[in-house]
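Q: Have a look at this prediction, sequence included:
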Amino acid sequence: MKRGTLAVCTVVLMVGAVIAGCGAARPSKYYQLTVPGDTGAAGDAGAFPVTLMLGALTTGSHLYREDRIVYSNAGQNIGTYEYQRWAEPPTEMIQDVMVRELRGSGKYRAVNTLRSNGRGDFVLRGRLYDFREVSGSPIVARTAIEYELRDSKTGMTVWSHYYTHDEPVSGKDVTAVVAALDRNVQGIVGQVRGALEQYFTAHPVAPSATPAAQ
């Protein structure tokens with residue numbers, strides 16, 4: 001009986017230690033990208049007679065479909081921070097920034113996502129290749145995205161570009177890395193906006209009756 005009692009007490013103590021350890025777990029911190037404010041409205045006077053549809057931002061890496069912040073060294077080693085995470089997966093955050101930027105530009109009749117009920121004249125699709133911290137001297141935040149614009153009527157790709165940039169990180173903590181990745185995204189989104197405006201200026205589109213999403 002004494003041996004049996006000792007065994008039960010040992011198990012209880014072990015379980016108690018595990019529960020105590022869980023209670024002292026380090027809290028996670030969540031970060032998000034800067035979402036542009038409404039600087040304009042789709043369909044402003046002088047806007048291109050175009051309804052843009054944005055497809056989901058895709059990626060070949062499951063790491064960018066999850067919420068953990070990714071880091072790597074100059075070689076092939078890649079890891080993720082356990083307690084430093086994004087508020088949403090990078091593909092979704094970047095997509096939201098792009099939609100808000102293009103809508104806020106006031107340069108288009110409408111800007112919708114392919115998940116909406118509307119139809120569009122052109123479809124903008126993107127693919128995320130890199131979105132991570134790269135250790136070195138200096139530490140940099142690397143972002144690489146490719147975008148293409150397709151004509152909905154013909155199915156032809158009329159414009160595409162690959163964007164990549166290493167933004168220096170101003171500090172040694174994750175907050176500085178997040179700030180650098182955010183600057184990268186804002187810069188790339190601004191370049192896409194400018195490139196699209198240049199395309200539609202150089203290739204005027206005749207007004208159509210394409211309805212906007214409700």
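A: Arrived safely, thanks for sending.
Q: On the pLDDT front, check His161 for me.
A: pLDDT for His161: 95.
Q: State the next helix or strand along the chain beyond the helix or strand of the chain with the lowest mean pLDDT.
A: Least confident helix or strand of the chain, by mean pLDDT, DSSP states H and E, is helix 2-23 with a mean of 40. Counting by DSSP states H and E, the next helix or strand C-terminal to helix 2-23 is strand 29-31.
Q: Each with direction, which strands does that following strand pair with?
A: Partners of strand 29-31 in the sheet, by DSSP bridges, are strand 78-86 (parallel).
Q: next helix or strand past the strand it pairs with?
A: helix 90-105.
Q: Which neighbouring elements make contact with the longest helix anywhere in the chain?
A: Longest helix in the chain, counting residues (DSSP state H): helix 174-202. The helices and strands touching helix 174-202, judged by 3 or more CB pairs under 8 Å, 6 or more residues apart in numbering; DSSP states H and E, are strand 29-31, strand 48-54, strand 68-72, helix 90-105, strand 122-134, strand 140-151, strand 157-168. C-beta here means a position set from N, CA and C on the backbone, and glycine is covered the same way.
Q: tell me, how many neighbours does Ala144 end up with?
A: 17 (other CB atoms under 10 Å).
Q: Just list the residues touching it, thanks.
A: 128-131, 162-165 (CB atoms under 8 Å, 6 or more residues apart in numbering).
Q: Max pairwise distance over those residues: which two?
A: Farthest apart among these by CB to CB are Phe131 and Tyr162. That separation is 14.4 Å.
Q: I appreciate the help and will end here.
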